[in-house]
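Undergrad: sequence and computational prediction follow.
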Amino acid sequence: MQLVSVNVGLPREVTWHGRVVRTSIWKHPVEGLVHVSSLNLAGDQQSDLSVHGGKEKAVYANPREHYEYWRRELPATDLVWGAFGENFTTEGLLERDIRIGDRIRVGSAEFLVTQPRMPCFKLGVRFGRDDMVKRFLRSGRSGFYLAVIREGEVASGNSLEIVGRDEHGVTVADIASLYARDRDNEDLLRRAVDVPALPESWKGYLRKRLFEPDV
């Protein structure tokens, strides 16, 4: 398992459907050691902290393996590492295998897997497509967010090591499925709300689904 690329980006303003949008979704690969703090990477900054960033979403990781799918889906699009706004382009870590609460060591830093990515409209802005959010959700290729357990330095080419596995066995793909496809899986809903690393915002949403299924 490997960190293929480290990608960062600062806020910029772009025009989308006649209005100005502030976004940090444009990321570019960087070489050498990059410092990881509790909230982001050096050279990276989230634009709207009401929905992006924070300790539970300090770093966004997206598997390199997904690029093969998107190159088929979007053949006219230049898909360089970081194209989906990810900080880490990874190899060997897929949503169906990685669990919420797993701990991952990269370089001298350590991370906690917290949740899948649920994109906002800015993904459509990045690709110039109004249908991009729906296509992304339908693909099941969400990537995952990481909290920073130990600050440190990372670099492209670093190995990725799972140093702790969460005992609940709820994967990133499971949580994404509860949102997009498997909405009535009561057993999975109950297991998911018991995972300590899953953010309270997700737990509240899932509890409501569990105890108020008609809402």
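TA: Thanks, I have the structure now. In this text, all values refer to a predicted model and were calculated from it rather than measured experimentally. Numbering: from 1, shown residues only.

Undergrad: what's the neighbour count on residue 199?
TA: 18 (other Cβ atoms under 10 Å). The way it works is simple: take the backbone N, C-alpha and C, and place the C-beta from them, glycine included.

Undergrad: quick one, what contacts it?
TA: 56, 114, 115 (Cβ atoms under 8 Å, 6 or more residues apart in numbering).

Undergrad: save those as CSV, and put in secondary structure and pLDDT too.
TA: Below are the contacts of residue 199 laid out as CSV (DSSP: H, G, I helix; E, B strand; the rest coil; pLDDT from 0 to 100):
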residue, secondary structure, pLDDT
56, helix, 92
114, strand, 97
115, strand, 97
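
Undergrad: who wins on neighbours among the residues you listed?
TA: Neighbour max across the contacts of residue 199 (other Cβ under 10 Å) = residue 114, 25 neighbours.

Undergrad: that one reaches residue 57, doesn't it?
TA: Yes: between residue 114 and residue 57 there is a contact at 7.0 Å, judged by Cβ atoms under 8 Å.

Undergrad: now the common contact residues for the two.
TA: Joint contacts of residue 114 and residue 57 (Cβ under 8 Å, 6+ apart) are 145, 147.

Undergrad: for the residue nearest to residue 42 when sequence neighbours are not counted, give me phi and psi.
TA: Nearest non-adjacent residue to residue 42, counting by Cβ to Cβ, 6 or more residues apart in numbering: residue 35, 4.3 Å away. Backbone torsions of residue 35, given as degrees, to the nearest 10, read phi -80, psi 140.

Undergrad: pull the contacting residues for residue 35.
TA: By Cβ under 8 Å, 6+ apart, the neighbours of residue 35 are 41, 42, 151, 152, 153.

Undergrad: over to residue 108?
TA: 150, 152, 153, 154.

Undergrad: which of these lies closest to residue 11?
TA: residue 154 (22.1 Å; Cβ to Cβ).

Undergrad: great, nothing more from me.
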